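Student: I'd like to go over a predicted model; first the sequence, then the structure.
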Amino acid sequence: MEIGMTLPVMEPDLWERGAATLEEWARAVDDGPFSSLCFGERVAFDNPHALTLLGAAAAWTRRVRIVTTVLVPQLHEPVPLAKALATADQLSGGRLTVGLGVGGREEDYRAAGADLATQTMAGMAERAGVMRRVWAGENLTGATLPVGPPPVQPGGPPLLVGTMGPRTVRHAASWADGLAGVTLDLDVAAVSGLFDLARTAWADAGRPEPRLTTSFWVALDDGREPGWARTQVHRHLRHYMNWLPAELVDAMAPTTGFAGTGAELREVLSRLADVGCHEVQVIPVQSDVDLVHRVAELAGELAGSGR
């Protein structure tokens, strides 16, 4: 099983530390045993613009795949979005994987001037189809030339569907290449069930076996004081989930994500490997690059164990 690392793009102190923090993280991830460098999209928030960050991430790295977890295609016109992603694939030398999701925040749709009626699986699938046609070289605009550049990867970057539920999995089996999953409560049995459903749905659709990934928030206990790691998760969720009532976030915080020791995290990762997860993408709840180095040690240990 591979381990990816997410940039701290949703951290409240990111801009206080400075944009150089993102480059420091990207280079540390690229130098480590990680398989991918990941980041997601929001509009009505203080995170970096995802499509702009793709170009920087391509320049800062040489080895790891760059994964969007996730972009919401309904927030963009599909042809310019296809152009931007093909450009990122070119700049990265064919290292781009695109996770797509419907997006659960109406405020992002409003901020982007997007039609809320498109906030559906069908709306996402339609735009994925348009992008693939652009990447195939079809002239969809009636212009003198098709919209380019062509992506490095034949057919375009792999498309993963962002999901936590069975309905999304079944709907995406006809067009997606796999799952960009997330688990809130680290229920490995539930993750395994979703993976089984995906394998069946992709087989029923006559598709190759899907790529199965999941992600979760991580805070590692540093021995400062009891409960410190869980407090970090809670702080992050309060900032990131700002569109939800605070009392709901407070109720979720004690059981959402991972807060514990390195040994405990290694056990969770091992259990996910045992259910056939291809990649776990760690989501940080801090902007200190020390987390990259600590998780790198665990990733190296797992690789050494053959898991």
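Tutor: Arrived safely, thanks for sending. Note that this is a predicted model, so its numbers are computed, not measured.
Student: below-threshold pLDDT in this protein: ranges please.
Tutor: 304-307 (pLDDT under 70).
Student: which residues in it form helices?
Tutor: 14-17, 20-31, 50-60, 78-91, 106-112, 121-135, 166-172, 188-204, 228-240, 246-252, 262-274, 290-305 (DSSP state H).
Student: could you point out which of the ones you listed sits nearest residue 5?
Tutor: helix 20-31 (4.7 Å; Cβ to Cβ). Quick note: C-beta positions are derived from backbone N, CA and C, even for glycine.
Student: packing partners for the closest one?
Tutor: strand 36-39, helix 50-60, helix 290-305 (3 or more Cβ pairs under 8 Å, 6 or more residues apart in numbering; DSSP states H and E).
Student: can you say which of these is packed in most?
Tutor: Of these, the one with the most neighbours on average (mean count of other Cβ atoms under 10 Å) is strand 36-39, at a mean of 26.
Student: tell me the centre residue of the protein?
Tutor: With distances taken as Cα atoms, centre = their mean, the residue of the chain nearest its centroid is residue 69 (2.0 Å).
Student: I'd assumed residue 179 was in contact with it.
Tutor: No: counting by Cβ atoms under 8 Å, residue 69 does not reach residue 179; the two are 10.9 Å apart.
Student: out of the helices of the chain, nearest to residue 154?
Tutor: Among the helices of the chain, helix 121-135 sits nearest to residue 154 (Cβ to Cβ), with 9.1 Å.
Student: list the contacts of that closest one.
Tutor: 72-74, 76, 78-79, 81-83, 85-86, 100-102, 117, 140, 146-147, 150-151, 155-156, 159, 161, 167-168, 171-172, 174-176 (Cβ atoms under 8 Å, 6 or more residues apart in numbering).
Student: which of these count as buried?
Tutor: Buried residues within the contacts of helix 121-135, counting neighbours by 16 or more other Cβ atoms under 10 Å: 72-74, 76, 78-79, 81-83, 85-86, 100-102, 147, 150-151, 156, 159, 161, 168, 171-172, 175-176.
Student: run the chain-centre distance for the lengthiest strand in the chain.
Tutor: Taking DSSP state E as the criterion, the chain has its longest strand at strand 211-220. In this view, strand 211-220 has its centroid 9 Å away from the chain centroid, taken as Cα atoms, centre = their mean, to the nearest Å.
Student: what packs against it?
Tutor: Strand 211-220 packs on strand 2-6, strand 178-181, helix 188-204, helix 228-240, strand 258-260, helix 262-274, strand 279-284, helix 290-305, going by 3+ Cβ pairs under 8 Å, 6+ apart.
Student: contact partners of the fifth one?
Tutor: Right, strand 258-260. Residues contacting strand 258-260 (Cβ under 8 Å, 6+ apart): 186, 216-221, 229-230, 232-233, 264-265, 268.
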